[in-house]
Structures are given as C-alpha cells and as structure tokens.
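Trainee: fold the stuff below for me.
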Amino acid sequence: MPSLNKTKRALGITSGGLDSILSALVLRDLGIDVSWISFKTPFFSSHAAVKAAESLNIPILVKDITKEYLVLLDAPRAGFGKNMNPCMDCHALMFNLAGLEMERVGADFLFSGEVVGQRPKSQTKNSMRYVEKNSGYDGLILRPLSAKQLCETIPEKNGWVDREKLLGITGRSRKVQMGMAEQYGIKDYPTPAGGCLLTDNIFSGRLRDLMYVQKDFEIRELNLLKYGRHFRINNDLKLIVGRSKMDNDNILKFYRKDKDILIHPASIPGPVVIAVSCPDREKAEKTGGLVCASYTKAAPGDMIDITITCPGTEGVTRVKVCHNSQFREFMI
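Mentor: Numbers count the residues shown, from 1 in each chain. The predicted structure follows:
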C-alpha cells in the first residue's frame, strides 16, 4: 500500500546510465524519497547501476530475472527488435516486477529515465503506452525527463510531484542531459549504447541456435555465448573455442567437469575448447581435437598432441593439423 506519511517514496528502474541518474536526482530535488531496483541476466548486468547508486547514496536492490526472462524470450507479445531484443515486453516485465517490489516496500509510484524518441522501438509514445498497459501498474509509472510530453500520471494528478518542475525532453540528442549532468556535478557515467547483448547480431545468432536448434540448455550456456568462437557441428554437439587467454579463462569459469569435454593443446599455446554436455563422446573428441589443433600456431600438416578430458578420464591424442577454414561453415 502507498505510504501515508508526507514524504512520498518512489522506486526507479535503473541501468546506471545518465538518464536513470538524472531522473532520480530530479525527483530527489522535489522532496521524493527515491530508491532503485536493477535487474540482471546473462544478457545485461547491474554493475553500472550499483556503481551509480553507491556514488549518489541511493538505496538499490539487484534482482536476477533470468528465469522470468527466458519465459519472455520464448514468445514476446510485441515481437523482437532487429535482433533478439524484446524491448517493449522487456520493459513491461521490468515494471511489473518493480511494481511488486514497490508494493512490498510500501513505495508510492515507479519511475525511470526513459526519454521519448531516444530509442526507435522501445521509447516512442506508443511503445511507452504499451508498457504501461501491460505492466500491471498503469498510471503509476513516471518518466521525469519526458513527463511534459506524456499524459499525466497518478503522482502528478494527486500532487505528489509538481508536473511543472518536470521536464519535456524528446529525441536522441544528449545536450540537455549533458548540461544537467554538469549542473549536478555528474562526470562519471556510461555511454548510452551497448548495455544489452540481445541487440548484438552475433550474440543473437548464438542465442537463436541455443533456443531453436539445441533447445535444451542450462543457464551457464547463456553466459558461454559471450565468449570464444562457437561451432554447431550437429544438434547435439557444439564446440566453444577460446580466442585469447582471457577467453580461455572465462570459458573455464563455466566448464563442468562432471558433464563437459575439455580439449586443449598438450604442450603448445592454443585455445581451450569445450563440448557442453555432449552425448556423443567419440564425435566430440574427434572433431573437437581437430578444431582445437587448427586454431594453434602449428602449421597445417603438423602432428601435435591434444589433451582431452572427459568426465572421469583424461588422455592425450595425436592430431594432424588442418586449416581452420574447413570448419567455417559450422561457425555460428
């Protein structure tokens, strides 16, 4: 239930970006008690949000919504954007979950840093209206930076927030926000692009393969989509091949000794290769060894030793190096 005391409380959804920061500061200047909620999945993180909250002394709750998000990705009502980004339904889901938290803590309304016209799919007036209607909290979502471009919300109608002191920013230009940041002394904030991997073409292709070709997968496999080269050999066999030491290290974080097959050169530098939960062990070992060898610095035709670790066993096999172009057709 809304709070009954004089000071109104607002819970904002934040990515940690400049618009999120400014929306909270505008409301705080109007005497609103602001706090934040930030959502994370393998597709986007809450790191910037936590950093912003700490620097501005704004309480923040971080919530992992991976399971809910996978349900959404299966069939978003408003469809996808250019890639695997279900932006409109994503925002509706976040506001729904934020609304539940608002009720739990006794806050009065929700807010965000969204600006009309800043995003071609998710931040038009129509898409914002879609989000409101499908969030379950229609009328309780305030967007302080663009409020004067939108219909009055309950917080404005009830006098909790003075509409005249809100803004009416539109479009993709950042000049107004940058000027506000200077006034507030905000200097350290992330760029507005690049926050969600679902807008990335390569990542989206890998996710489609996981969801529609492989179909059955674990949460850790979503994280593995971020790293290395990915080769779909058949429906049951995918190989993930490190491109650098950092890639190798990140891939190994999600390697399961009890399920996966790990492949790497025995005595020369090269990639870590894993076959995740592959039922065809023989195929994984043979093909994985060839792919691994082809991405070392050994010349085609050379013979090198490859270490193969399966659940419960480890061995070394001799592999003839071939050119990695042979596997290009399998690359996702």
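
Trainee: so residue 46 touches residue 37, yeah?
Mentor: No - under the criterion of CB atoms under 8 Å, residue 46 lies out of contact with residue 37, with a separation of 9.4 Å. (C-beta placed from N, C-alpha, C; glycine too.)

Trainee: tell me, what's touching these two both at once?
Mentor: Residues within reach of residue 46 and of residue 37 at once, by CB atoms under 8 Å, 6 or more residues apart in numbering, are residue 62.

Trainee: which SS state does residue 22 fall under?
Mentor: Residue 22 carries the three-state label helix when classified by DSSP: H, G, I helix; E, B strand; the rest coil.

Trainee: got it, and residue 221?
Mentor: Residue 221 is classified as helix under three-state DSSP.

Trainee: where's it relative to residue 276, distance?
Mentor: Applying CB to CB, to the nearest Å, one obtains 6 Å for the distance of residue 221 from residue 276.

Trainee: ditto for residue 258
Mentor: Between residue 258 and residue 276 the distance is 12 Å, computed by CB to CB.

Trainee: those two: which is more packed in?
Mentor: More neighbours surround residue 276 than the other of residue 258 and residue 276, with 21 against 7 (other CB atoms under 10 Å).

Trainee: nearest residue to that one other than its sequence neighbours?
Mentor: Of all residues not flanking residue 276 in the chain, residue 260 sits nearest, at 5.3 Å (CB to CB, 6 or more residues apart in numbering).

Trainee: surely the one you found meets residue 277?
Mentor: Yes - applying CB under 8 Å as the test, residue 260 and residue 277 come out as touching, 6.5 Å apart.

Trainee: show me the strands in the stretch 201-332 of the chain, by range?
Mentor: 229-234, 237-241, 261-265, 273-275, 303-310, 313-320 (DSSP state E, counting those that start in this stretch).

Trainee: what's the most buried one of those?
Mentor: The highest mean neighbour count among those, using mean count of other CB atoms under 10 Å, belongs to strand 273-275: a mean of 28.

Trainee: quick one, helices of the stretch 101-250 of the chain?
Mentor: According to DSSP state H, counting those that start in this stretch, the stretch 101-250 of the chain carries its helices in the segments 125-135, 154-157, 175-184, 201-208, 219-224, 245-253.

Trainee: now those helices as TSV including distance to residue 318?
Mentor: Conversion of those to TSV gives the following (distance: least, CB to CB, whole Å):
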stretch	distance to residue 318
helix 125-135	58
helix 154-157	71
helix 175-184	61
helix 201-208	32
helix 219-224	28
helix 245-253	22
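
Trainee: nearest to residue 65, out of those?
Mentor: Judged by CB to CB, the one of those that comes nearest to residue 65 is helix 219-224, at 12.0 Å.

Trainee: break this structure into its domains for me.
Mentor: What automatic domain parsing lists as the domains of the chain is 9-195, 200-330.

Trainee: quick one: the strands in the stretch 51-200 of the chain?
Mentor: Secondary structure of the stretch 51-200 of the chain (DSSP E, counting those that start in this stretch): strands at 60-64, 109-111, 141-142.
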